[in-house]
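In: coordinates only, sequence not included:
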């Protein structure tokens, strides 16, 4: 395997696992397995692994324990990425940033583990549960930034208006995702039947969340329009593609959100919506990366 292929495989795996841990965490919550392993860091008192005949039930125990196992896989991949980042950045002008991003990935996973333990010890209090999810946002952004830097993916020249709108778009996407955790923490699927909820009216916060999503879609359309009426050159092609990709992912996510709301929040659709939130954030951060021409040293396209 060539060095480039190895780099692409390693840092793509890191990004995929950072997204995947959100999905498996959602599966834990949606199946009511949040306390399948009722202690931390042990799964049950006296054992780090499940034991026969746990009162939580075999299915719930192994769903929760599988999520913990994925964390170990993420530790291994992030360590490999850290070693690779140090090795491959030796002669790079941006080696400090690359290494800082790699260290952030490795250390961030341990922060997630600690916060995950707090969620268990607090019996799935919605505040640490939301924080556990939101911590994934900077980790996903860091994984994508690290991947793009290592592969030296090119940014795009953008006019000042597009650049400003792109920054607002990323910030508004963060607001949408944060509000999504409030909606989740106010509705069903708490991870355990006795888990505490935020106490907000689910209908009210859901519609507030939807209103901000509509504003985000309008902002995206405005950004596309600004790009179209400005003088287009070959160097802003990847930026335009990133914005169009974000719009496509956001529309799909919005459709899933409305369908799940009007069909009573079925677990499968909620799971897809959770995956969609991670993909929307990834696509938003990709716009930020693609809009910075100074970020890279070689011309390339795509995520």
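Out: Ah, there it is. What you are looking at is a predicted structure, and each value in this text was computed from that prediction instead of being measured.
In: switch to C-alpha atoms for all contacts and neighbour counts from now on
Out: Noted.
In: tell me the secondary structure at residue 51.
Out: In three-state terms, and counting by DSSP: H, G, I helix; E, B strand; the rest coil, residue 51 is coil.
In: then residue 195?
Out: coil.
In: just the pLDDT for it.
Out: pLDDT recorded at residue 195 is 75.
In: from residue 18, how far out is it?
Out: Using Cα to Cα, to the nearest Å, residue 195 is found at 26 Å from residue 18.
In: could you do residue 66 as well?
Out: 15 Å.
In: neighbour-wise, which of these two wins?
Out: Comparing residue 66 with residue 18 by other Cα atoms under 10 Å, the one with more neighbours is residue 18, at 26 against 15.
In: pretty sure the more buried one is touching residue 136, no?
Out: Yes - contact criterion Cα atoms under 8 Å: residue 18 and residue 136 qualify, at 7.0 Å.
In: so which bits of the helix or strand containing residue 11 are buried?
Out: Assigned by DSSP states H and E, residue 11 falls within helix 3-30. Going by neighbour count (16 or more other Cα atoms under 10 Å), the buried part of helix 3-30 is 7-8, 10-15, 17-30.
In: just after that helix, pick out the following helix or strand.
Out: Using DSSP H and E, the next helix or strand after helix 3-30 towards the C-terminus is helix 58-88.
In: helix 3-30 and that next one, what's the angle between them?
Out: Taking axes from the mean of the first three to the mean of the last three Cα atoms, to 10 degrees, one finds that helix 58-88 is oriented at 150 degrees with respect to helix 3-30.
In: what about residue 182, which helix or strand?
Out: helix 160-186.
In: measure how far that helix is from the centre of its chain, please.
Out: 13 Å (Cα atoms, centre = their mean, to the nearest Å).
In: next SSE downstream of it?
Out: helix 202-229.
In: does anything pack onto that following helix? Which helices or strands?
Out: Where contact means 3 or more Cα pairs under 8 Å, 6 or more residues apart in numbering; DSSP states H and E, helix 202-229 is packed against helix 160-186, helix 237-262.
In: redo that, cut-off 6 Å
Out: Applying 3 or more Cα pairs under 6 Å, 6 or more residues apart in numbering; DSSP states H and E, we find helix 202-229 packed against helix 160-186.
In: chain center to stretch 88-103, what's the gap?
Out: Taking mean C-alpha positions (Cα atoms, centre = their mean), stretch 88-103 and its chain are 23 Å apart.
In: buried ones in that stretch, by neighbour count?
Out: Buried residues in stretch 88-103 (16+ other Cα under 10 Å): 88-89, 95, 98-99, 101-103.
In: ditto for stretch 102-113
Out: For stretch 102-113, the neighbour count (16+ other Cα under 10 Å) marks 102-106, 108-109, 112-113 as buried.
In: and of these, the nearest to residue 58?
Out: Proximity of those to residue 58 (Cα to Cα) peaks at residue 113, which lies at 22.5 Å.
In: helix or strand for the closest one, which one?
Out: helix 95-121.
In: next: residue 139.
Out: Assigned by DSSP H and E, residue 139 falls in helix 136-151.
In: tell me the contacts of residue 78?
Out: Each residue near residue 78 by Cα atoms under 6 Å, 6 or more residues apart in numbering is listed here: residue 106.
In: at 8 Å instead, please
Out: By Cα atoms under 8 Å, 6 or more residues apart in numbering, the residues touching residue 78 are 14, 102, 105-106.
In: walk me through the domains of this structure.
Out: Domain ranges of the chain: 1-151, 154-303, per automatic domain parsing.
In: mind telling me which of those domains the model trusts least?
Out: If you rank the domains of the chain by mean pLDDT, domain 154-303 sits at the bottom with a mean of 84.
In: pull the distance from it to the chain's centre.
Out: The answer for domain 154-303 is 11 Å, by Cα atoms, centre = their mean.
In: swap in stretch 37-55?
Out: Relative to its chain's centre, stretch 37-55 lies at 28 Å (Cα atoms, centre = their mean).
In: before we move on, what about stretch 34-49?
Out: The answer for stretch 34-49 is 26 Å, by Cα atoms, centre = their mean.
In: buried residues, that stretch. List them.
Out: Neighbour counts over stretch 34-49 (16+ other Cα under 10 Å) mark 34-41, 43-44, 49 as buried.
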